[in-house]
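Peer 1: Just a sequence and a predicted model for now, questions to come.
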Amino acid sequence: MGFEKAILGTVAVTVGNDRPASFTNGCLFVECNEQESTELFAVMQKNYTGTLIKSGPIQGEYAYDFV
């Protein structure tokens, strides 16, 4: 749960608190535009170890898988 809380904090700082973001089965889903999704991907990739995979958009939502 600590990992997810830290990631959601990064999302709030990067794209704003008003953007819906949640984890489902270990996958992060964030409603944002393409520019915000790219910025968020870069920040998370820089700050967290491991492989990060971005998918989307699907109905305005991007998915981030932590492998």
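Peer 2: Nice, thanks for sending it over.
Peer 1: what are the ranges of the strands in the protein?
Peer 2: For the chain, the strands defined by DSSP state E cover 21-24, 27-31, 52-58, 61-66.
Peer 1: Run me through the strand neighbours of the second one, direction for each.
Peer 2: Looking back up the chat, that one is strand 27-31. Applying DSSP bridges, strand 27-31 is found paired with strand 21-24 (antiparallel), strand 61-66 (antiparallel).
Peer 1: model confidence over the longest one, on average?
Peer 2: For strand 61-66, mean pLDDT is 95.
Peer 1: What lies in contact with it?
Peer 2: Contact with strand 61-66 is made by 7, 26-32, 37, 40-41, 44, 48, 50-56, as judged by CB atoms under 8 Å, 6 or more residues apart in numbering. All C-beta spots, glycine's among them, are computed from the backbone N, C-alpha and C.
Peer 1: Lowest-scoring secondary structure element of the protein by mean pLDDT?
Peer 2: Least confident helix or strand, the chain: helix 2-15 with a mean of 90, by mean pLDDT, DSSP states H and E.
Peer 1: who's in contact with Thr51?
Peer 2: Counting by CB under 8 Å, 6+ apart, Thr51 touches Phe66, Val67.
Peer 1: again, only using 6 Å
Peer 2: Val67 (CB atoms under 6 Å, 6 or more residues apart in numbering).
Peer 1: sorry, back to before: just the buried residues of the contacts of strand 61-66.
Peer 2: Ile7, Leu28, Phe29, Val30, Glu31, Cys32, Ser37, Leu40, Phe41, Met44, Lys54, Gly56 (16 or more other CB atoms under 10 Å).
Peer 1: Not counting its neighbours along the chain, what's nearest the fifth one?
Peer 2: By that I understand Glu31. Distances taken as CB to CB, 6 or more residues apart in numbering put Pro20 closest to Glu31, at 4.6 Å, once the chain neighbours are dropped.
Peer 1: Could you tell me the average pLDDT over stretch 39-57, please?
Peer 2: Average pLDDT, stretch 39-57: 92.
Peer 1: In CSV, list the C-alpha atoms belonging to that stretch.
Peer 2: The C-alpha trace of stretch 39-57 is given here as CSV (Å, rounded to 0.1, in the frame of the first residue of the first chain):
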residue,chain,number,x,y,z
GLU,A,39,5.3,14.0,-18.3
LEU,A,40,4.0,11.6,-15.7
PHE,A,41,5.6,8.6,-17.3
ALA,A,42,9.0,10.5,-17.4
VAL,A,43,8.7,11.4,-13.7
MET,A,44,7.8,7.9,-12.6
GLN,A,45,10.4,6.3,-14.7
LYS,A,46,13.1,8.6,-13.2
ASN,A,47,12.0,8.1,-9.6
TYR,A,48,11.1,4.4,-9.5
THR,A,49,13.2,1.3,-10.3
GLY,A,50,11.9,-1.5,-12.5
THR,A,51,10.1,-1.5,-15.8
LEU,A,52,7.2,0.9,-16.5
ILE,A,53,4.8,0.3,-19.4
LYS,A,54,2.4,3.0,-20.5
SER,A,55,-0.8,2.2,-22.5
GLY,A,56,-3.6,4.3,-23.8
PRO,A,57,-5.4,6.4,-24.3
